[in-house]
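Undergrad: how would this look folded up:
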Amino acid sequence: MTPITEVAGRRLPLSNLDKVIHPATGTAKGEILHYYAITADALLPHLRNRPVSFLRYPDGPGGQLFFTKNPPPGTPSWVRTAPVPHSDDPGARQIVVDDLPSLMWAANLVVEFHTPQWTADAPGVADRMVFDLDPGAPAGIAECRTVALWLRERLAADGLGAYAKTSGSKGLHVLVPIEPTPSGEVSAYARGLAVEGEAALPRLVVHRMPRALRPGKVFVDHSQNAAAKTTAAPYTLRARARPTVSTPVTWEEIAEGRDLAFELGDIAARLDRHGDLLAPLTDPARARPLP
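TA: The predicted model follows:
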């Protein structure tokens, strides 16, 4: 029998709680749900009012993985959805995770959370900008650190504040709160900085996507600023053998070469120590105009 629990007045069926999802550590689904419950206060502001896409991995990272934007069958009527215009389906809607019951319902599906850079109130008008630093072997996190620090300095020269998190995989994300700006303009600005980065660090940076260009370099992926693209949300678990988390980090941790590999069990202590390092992304007072 599937156990039923009550979350903030909503009754939720939570299934297969003993099922191992992350095999390298034996992490079970029940532990994943507990993780999301205790990090909800930090995570929800980054999901709230943003249509989410799910990368589902219900049988673990070695099973079937599928990316979905549509509300899955059986979505409760109380889970909010929002219209998201697509060129091929103007009536499309997506899930919006605004509260703890919605978060726990989604986590029970075993998902990575991915969001666009805009809110449901203003599709295609970004209030944040992202650079995904993706190293091509043999480059790794050390090379990403160098590029992230360059980006931070370059953004500061344009009056923009930058914040960082791990991707939860092998790279880093640099995020910038901005005044609402059409996604096309944000994409153009971000691409320009990626091109500048390649000119400034030609042996380290590549701004174009072909994998043949990436070995030994860091791909500065600016494309996730396009209106149709999404980025792994802060604090989301990733579909990896170990329960890695896309984790906010300090610039001191980046500059000093500290270990930047964080897993499910590390996050509560980091939140106690630092709070949400990405809280400025959700504070309109921190937003600045693009130059």
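Undergrad: Quick check: residue 270 is in a strand.
TA: No. Assessed with DSSP: H, G, I helix; E, B strand; the rest coil, residue 270 is helix; it does not lie in a strand.
Undergrad: Tally up the residues packed near it, please.
TA: 20 (other CB atoms under 10 Å). For every residue, glycine as well, the C-beta is placed using N, CA and C.
Undergrad: Do I have it right that it meets residue 262?
TA: Yes. Judged on CB atoms under 8 Å, residue 270 makes contact with residue 262 at a distance of 7.2 Å.
Undergrad: got any residues that touch both of those two?
TA: Residues touching both residue 270 and residue 262 by CB atoms under 8 Å, 6 or more residues apart in numbering: residue 247.
Undergrad: what stretches of the stretch 51-200 of the chain score poorly on pLDDT?
TA: Residue ranges of the stretch 51-200 of the chain with pLDDT under 70: 86-87.
Undergrad: what ranges do the strands span in it?
TA: 53-56, 66-68, 81-83, 93-95, 111-115, 125-135, 163-166, 172-182 (DSSP state E, counting those that start in this stretch).
Undergrad: Among the ones you listed, which comes closest to residue 249?
TA: The closest of the strands of the stretch 51-200 of the chain to residue 249 is strand 163-166. By CB to CB, the value is 5.4 Å.
Undergrad: Can I get that closest one in PDB? Just the C-alpha atoms.
TA: C-alpha atoms of strand 163-166 as PDB (Å, rounded to 0.1, in the frame of the first residue of the first chain):
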ATOM      1  CA  TYR A 163      26.800  34.700  -7.900                       C
ATOM      2  CA  ALA A 164      27.900  31.100  -8.400                       C
ATOM      3  CA  LYS A 165      26.800  27.600  -7.900                       C
ATOM      4  CA  THR A 166      28.000  24.200  -8.900                       C
END
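Undergrad: Neighbouring strands - and their directions - for it?
TA: Sheet pairing for strand 163-166, assigned by DSSP bridges, gives strand 172-182 (antiparallel), strand 248-249 (antiparallel).
Undergrad: The longest one relative to strand 125-135, how many degrees between them?
TA: Strand 172-182 and strand 125-135 meet at an angle of 160 degrees, taking axes from the mean of the first three to the mean of the last three CA atoms, to 10 degrees as the criterion.
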